[in-house]
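**Q** Predicted model follows, preceded by the sequence.
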Amino acid sequence: MPAANTCAPGTTVLVAEDDVIVRIAVAEYLRGCGFRVIEAAGGLEAKKVLLEGPDIHILFADAALAGDHNGFALAQWTRRYRPKIAVILTSSLANKSEAASQLCSRNHTDPPPPSHLRDSIRTMKARHIRRVLSERKKPKARLG
C-alpha cells in the first residue's frame, strides 16, 4: 500500500475477483470509502487493465483466481512490471473483508467494519441461491 497513512484523493483500486458477487460487494464497499474502483473478472482481464487502462494504484486480488493467471501469478507479474502498484492478495471471505476494511481506514476515520462486507456478501449469495432454486422449481413453458 502507499507509504502514507492515507490514500491520495483519486486513488484507483483494481479489484480482480472471479466470484461476481464477491467482486461487486468488495468494489461497492471500496467505492463507499472514496476509492475509484475498476473491476476485473480474472487475472488475464486484470493484466489487460494494468497494461492498457488508467493508472492503477492498488491491486486487490483473490489469490485463488482460476486458470494460469491466478492471483499469485498476477501479483508476481504486477510486482515485476508495475512495481509502484501496491498489491493486496486475499483468500478467504474473512481475509477479503479485513483487507478491504484496512484499506478503507486509510480514507475514513470510521470505516464500516469488516463484518459489514462479510454480511453483505453472505446476503447477496443467499439471495442468488434462492433465486436459482426458485427458477428451477418453475414449470418450463412448452412450445407447441
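**A** Arrived safely. Numbering: from 1, shown residues only.
**Q** switch to C-alpha atoms for all contacts and neighbour counts from now on
**A** Will do.
**Q** and residue 132, how many neighbours?
**A** 11 (other C-alpha atoms under 10 Å).
**Q** give me phi/psi at it?
**A** Recorded main-chain torsions at residue 132 are phi -60, psi -40, according to degrees, to the nearest 10.
**Q** would you say residue 13 is within a strand?
**A** Yes. With DSSP: H, G, I helix; E, B strand; the rest coil as the criterion, residue 13 is located in a strand.
**Q** Now for it, how many residues are close by?
**A** Residue 13 has 24 neighbours, counted by other C-alpha under 10 Å.
**Q** my guess is it meets residue 36, correct?
**A** Yes. With the criterion set as C-alpha atoms under 8 Å, residue 13 and residue 36 qualify as a contacting pair; they are 6.2 Å apart.
**Q** Helix or strand: which one has residue 117?
**A** Here residue 117, judged by DSSP states H and E, is contained in helix 114-137.
**Q** Sorry, slip of the keys, the one I care about is residue 45.
**A** With elements delineated by DSSP H and E, residue 45 resides in helix 43-52, which encompasses its position.
**Q** what does that helix contact?
**A** Helix 43-52 is touched from outside by 14, 16, 39, 40, 56, 65, 66, 69, 70, 71, 74, with contacts defined as C-alpha atoms under 8 Å, 6 or more residues apart in numbering.
**Q** Same check on stretch 10-26?
**A** For stretch 10-26, the surrounding residues in contact (C-alpha under 8 Å, 6+ apart) are 27, 34-43, 46, 55-62, 65-66, 97, 100, 117, 120-121, 124-125.
**Q** can you pull the buried residues of it?
**A** Judged by neighbour count using 16 or more other C-alpha atoms under 10 Å, the buried positions of stretch 10-26 are 11-18, 21-26.
**Q** Just the closest of these to residue 137, please.
**A** When those are compared for distance to residue 137 (C-alpha to C-alpha), residue 21 wins out at 22.7 Å.
**Q** Kindly confirm my reading that that closest one is in a helix.
**A** Yes. Residue assignment for residue 21, taken from three-state DSSP, places it within a helix.
**Q** Many thanks, have a good one.
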